[in-house]
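Enquirer: Pasted the sequence and its predicted model underneath.
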Amino acid sequence: MSPSRASLQKKPREVAAMFDDVARRYDLTNAVLTGGIDHLWRRAVTKAVGAAPGERVLDIAAGTGTSSEPYADAGVEVVPADFSIGMLREGYRRRPDLPFTAADATRLPFADDSFDVVTMSFGLRNVEDVDAALREFLRVTRPGGRLVVCEFSTPVVPGLREVYGKGVLKVLPAVARRTSSNPDAYVYLSESIEAWPAQEELGRSVRAAGWTQVRWRNLTGGIAAIHHAVRAH
C-alpha cells in the first residue's frame, strides 16, 4: 500500500505501511536514486549534531538505523526510533545492539527533557502534523539541547530547480523499479518532496514551535537543507 497522492495531510497507517513494504531494500534504493550522495548528506547531519560521549541522542525516523550507527560507533547513546515496524525489524536484524523503538513523532513515548539532541533526516515531510512533531521534539529535549533536521528542500542555484523538479523527481519511480520492492511508493516520495515548504518557511515553523536560534544550511544547492535550533534554558 502507498498513498495515491502526496499532500501535507498524510494518513499515518498508509505511510507506515509504505515504509514497511520498502524496508528490506530501502537503503540500497536511496543510494541508487541519489547517486550515493545521501551518504554525504547523512555525514553532514552527523557533523551538525556534534554529539559527544555522555550525550543522549534521539534519532527519529531512523528507519533501519543507518543514520544512528555513527553515533553508536562513537560511543554516544542513541535511540533509533521510527513508526514503521518493518523498518525497525530490518534495523534490528542488522544492528541488534541498538535500542530500536517504535514511536510516532507527534506522540513520542519519552519523558520530558530526555535528550540532549533530537535529529530527524528525511522524515519530517512524512509526518501527519509537522507542527505537533516539532513541539514534541522540544518537549523531550533538555533545556539548552539541540534540534537538527535534514530534509529535502527547494534548490537555490539558478536552473537547478527546473532540472531537479522537472527531471530528477519525475524519473524517481522509474529508477526505483529496478531496486525497490515497492516502486509505487516512490511516486508518493517524489510528490512529497515537491509539496514540501522551502527553507525559510520550515524555519518559521520551527520557531513557532518554540525553538530558538533557528538557522539552516543548504546541501547540494538546496536540494536538501539542514535546519538547526536550540531549546532555550
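Expert: Received the coordinates, thanks.
Enquirer: Buried residues, stretch 42-58. List them.
Expert: R42, A44, V45, T46, A48, V49, A51, E55, R56, V57, L58 (16 or more other Cβ atoms under 10 Å). Using the backbone N, CA and C atoms, a C-beta is placed for each residue, glycine as well.
Enquirer: Any chance of TSV for those, columns distance to L138?
Expert: Putting these into TSV (distance: Cβ to Cβ, whole Å) gives the following:
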residue	distance to L138
R42	23
A44	23
V45	19
T46	22
A48	18
V49	16
A51	18
E55	17
R56	16
V57	15
L58	12
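Enquirer: Quick check: pLDDT value at P12.
Expert: Taken from the predicted model, the pLDDT recorded for P12 is 63.
Enquirer: End to end on stretch 78-89, go ahead and measure it.
Expert: Using Cα to Cα, to the nearest Å, the span of stretch 78-89 from its first residue to its last is 17 Å.
Enquirer: rewinding a little: pick out the lowest-pLDDT one from the buried residues of stretch 42-58.
Expert: The lowest pLDDT within the buried residues of stretch 42-58 belongs to R42, which sits at 91.
Enquirer: quick one: average pLDDT of stretch 222-233?
Expert: Averaged across stretch 222-233, pLDDT comes to 95.
Enquirer: pLDDT below threshold where in the chain?
Expert: Counting by pLDDT under 70, the low-confidence segments of the chain come to 1-36, 159-189.
Enquirer: quick one: the strands in it?
Expert: Here the chain has its strands, by DSSP state E, at 56-60, 77-82, 101-102, 115-121, 141-152, 212-219, 224-230.
Enquirer: Would you indicate which residues of the last one are buried?
Expert: Right, strand 224-230. Of the residues in strand 224-230, those scored as buried under the neighbour-count criterion (16+ other Cβ under 10 Å) are A224, A225, I226, H227, H228, A229, V230.
Enquirer: so who does the first one touch?
Expert: Right, the one you point to is A224. Counting by Cβ atoms under 8 Å, 6 or more residues apart in numbering, A224 makes contact with W41, F122, C150, E151, F152, S153, N218.
Enquirer: ok so, going back, redo the strands of the chain as JSON lines? Include distance to S67.
Expert: Compiled in JSON lines, these are given as follows (distance: least, Cβ to Cβ, whole Å):
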{"stretch": "strand 56-60", "distance to S67": "6"}
{"stretch": "strand 77-82", "distance to S67": "8"}
{"stretch": "strand 101-102", "distance to S67": "14"}
{"stretch": "strand 115-121", "distance to S67": "5"}
{"stretch": "strand 141-152", "distance to S67": "9"}
{"stretch": "strand 212-219", "distance to S67": "14"}
{"stretch": "strand 224-230", "distance to S67": "13"}
